[in-house]
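*Asks:* sequence first, predicted coordinates after that:
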Amino acid sequence: MAFSVYFVVLRNMVRLLGMVIAMMTSVIVEKITVLYSLCSELAK
């Protein structure tokens, strides 16, 4: 019984971690895109 509860908690933590990683990745990609466009504008 305790094992199933532990498994559910673990699964929820993994899902939460995945959401956090996805958010971080999108923010980083957005910043890289902005920096890249800025650099390409400066290079013209």
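*Replies:* Good, I have the coordinates.

*Asks:* count the residues that sit near Val5.
*Replies:* Neighbours of Val5 under the rule other C-beta atoms under 10 Å: 9. Quick note: C-beta positions are derived from backbone N, CA and C, even for glycine.

*Asks:* for it, pull up the helix or strand it's in.
*Replies:* Element membership for Val5, per DSSP states H and E: helix 2-43.

*Asks:* avg pLDDT for that helix?
*Replies:* In this model, helix 2-43 carries a mean pLDDT of 94.

*Asks:* which other helices and strands does that helix contact?
*Replies:* Helices and strands touching helix 2-43, by 3 or more C-beta pairs under 8 Å, 6 or more residues apart in numbering; DSSP states H and E: there are none.

*Asks:* how distant is that helix from the center of its chain?
*Replies:* Distance, stretch centre to chain centre, for helix 2-43: 0 Å (C-alpha atoms, centre = their mean, to the nearest Å).

*Asks:* what do you get for stretch 27-44?
*Replies:* Worked out by C-alpha atoms, centre = their mean, stretch 27-44 lies 19 Å from the chain centre.

*Asks:* for it, which positions count as buried?
*Replies:* Buried residues in stretch 27-44, counted by 16 or more other C-beta atoms under 10 Å: none are found.

*Asks:* can you show me the CA trace of it as PDB?
*Replies:* What follows is stretch 27-44, C-alpha atoms only, in PDB (Å, rounded to 0.1, in the frame of the first residue of the first chain):
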ATOM      1  CA  VAL A  27      12.600  30.900 -21.700                       C
ATOM      2  CA  ILE A  28      16.200  30.100 -22.600                       C
ATOM      3  CA  VAL A  29      15.200  29.600 -26.300                       C
ATOM      4  CA  GLU A  30      13.300  32.900 -26.300                       C
ATOM      5  CA  LYS A  31      16.300  34.700 -24.900                       C
ATOM      6  CA  ILE A  32      18.700  33.100 -27.400                       C
ATOM      7  CA  THR A  33      16.400  34.000 -30.200                       C
ATOM      8  CA  VAL A  34      16.200  37.700 -29.000                       C
ATOM      9  CA  LEU A  35      20.000  37.800 -28.700                       C
ATOM     10  CA  TYR A  36      20.500  36.200 -32.100                       C
ATOM     11  CA  SER A  37      18.200  38.700 -33.800                       C
ATOM     12  CA  LEU A  38      19.900  41.600 -32.000                       C
ATOM     13  CA  CYS A  39      23.300  40.400 -33.100                       C
ATOM     14  CA  SER A  40      22.100  39.900 -36.700                       C
ATOM     15  CA  GLU A  41      20.700  43.500 -36.700                       C
ATOM     16  CA  LEU A  42      24.000  44.900 -35.400                       C
ATOM     17  CA  ALA A  43      26.000  42.900 -37.900                       C
ATOM     18  CA  LYS A  44      24.200  44.500 -40.900                       C
END
